[in-house]
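Just a sequence and a predicted model for now, questions to come.
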Amino acid sequence: MITSTFFFGTGRRKTSVARVRLMTGEGEVVVNGRSLEDHFGNAVS
(Lines give C-alpha, C1' and ligand atoms only; values in the text may rest on other atoms or scores of the structure.)
Protein backbone atom coordinates (compact mmCIF):
# COMPACT_ATOMS: atom_id res chain seq x y z
CA MET A 1 0.00 0.00 0.00
CA ILE A 2 1.40 3.39 -1.01
CA THR A 3 0.79 6.21 1.44
CA SER A 4 0.66 9.84 0.37
CA THR A 5 1.16 12.83 2.59
CA PHE A 6 -1.43 15.57 2.16
CA PHE A 7 -1.21 19.17 3.33
CA PHE A 8 -4.37 21.26 3.40
CA GLY A 9 -4.61 25.05 3.42
CA THR A 10 -7.39 27.61 3.39
CA GLY A 11 -7.24 31.29 2.48
CA ARG A 12 -10.06 33.74 3.10
CA ARG A 13 -10.71 37.32 2.08
CA LYS A 14 -14.03 39.06 2.61
CA THR A 15 -16.58 36.48 1.36
CA SER A 16 -14.17 34.46 -0.83
CA VAL A 17 -12.59 31.18 0.20
CA ALA A 18 -9.69 29.40 -1.53
CA ARG A 19 -8.77 25.84 -0.58
CA VAL A 20 -5.68 23.90 -1.60
CA ARG A 21 -4.58 20.30 -1.13
CA LEU A 22 -0.90 19.54 -1.67
CA MET A 23 0.51 16.04 -1.90
CA THR A 24 3.88 14.48 -2.56
CA GLY A 25 4.48 13.55 -6.17
CA GLU A 26 6.13 14.38 -9.47
CA GLY A 27 5.49 18.14 -9.42
CA GLU A 28 2.41 18.07 -11.65
CA VAL A 29 0.11 21.06 -11.04
CA VAL A 30 -3.63 20.51 -11.53
CA VAL A 31 -6.22 23.30 -11.22
CA ASN A 32 -9.88 22.22 -11.20
CA GLY A 33 -8.97 18.94 -12.92
CA ARG A 34 -6.97 20.62 -15.73
CA SER A 35 -3.24 21.10 -16.20
CA LEU A 36 -1.76 24.47 -15.27
CA GLU A 37 -1.17 25.43 -18.93
CA ASP A 38 -4.72 24.44 -19.97
CA HIS A 39 -6.34 26.28 -17.08
CA PHE A 40 -4.53 29.62 -17.39
CA GLY A 41 -3.72 29.55 -21.11
CA ASN A 42 -0.67 31.83 -20.83
CA ALA A 43 2.97 30.89 -20.59
CA VAL A 44 3.49 30.11 -16.91
CA SER A 45 6.97 29.74 -15.52
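Received it, and whenever you're ready, just let me know what you need.

Which parts of this structure are helices?
36-40 (DSSP state H).

Any regions of it where pLDDT drops low?
1-2, 42-45 (pLDDT under 70).

which stretches of it form strands?
6-13, 16-23, 30-31, 34-35 (DSSP state E).

would TSV of those strands with mean neighbour count and distance to Gly41 be doable?
For the C-beta atoms, the positions are set from N, CA and C on the backbone; glycine is no exception. Output for these, formatted as TSV (neighbours: other CB atoms under 10 Å; distance: least, CB to CB, whole Å):
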stretch	mean neighbour count	distance to Gly41
strand 6-13	8	23
strand 16-23	9	20
strand 30-31	10	11
strand 34-35	11	10
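
The nearest residue to Val31 once chain neighbours are set aside: neighbouring residues, count only.
In this structure, Val31 finds its nearest non-sequential neighbour in His39, 4.1 Å apart by CB to CB, 6 or more residues apart in numbering. Around His39 there are 13 other residues, counting by other CB atoms under 10 Å.

Could you measure from Thr24 over to Thr3?
Look at Thr24 and Thr3: by CB to CB, to the nearest Å, they are 9 Å apart.

Who has more neighbours out of the two?
Set Thr24 next to Thr3 and count neighbours by other CB under 10 Å: Thr24 wins out with 10 against 5.
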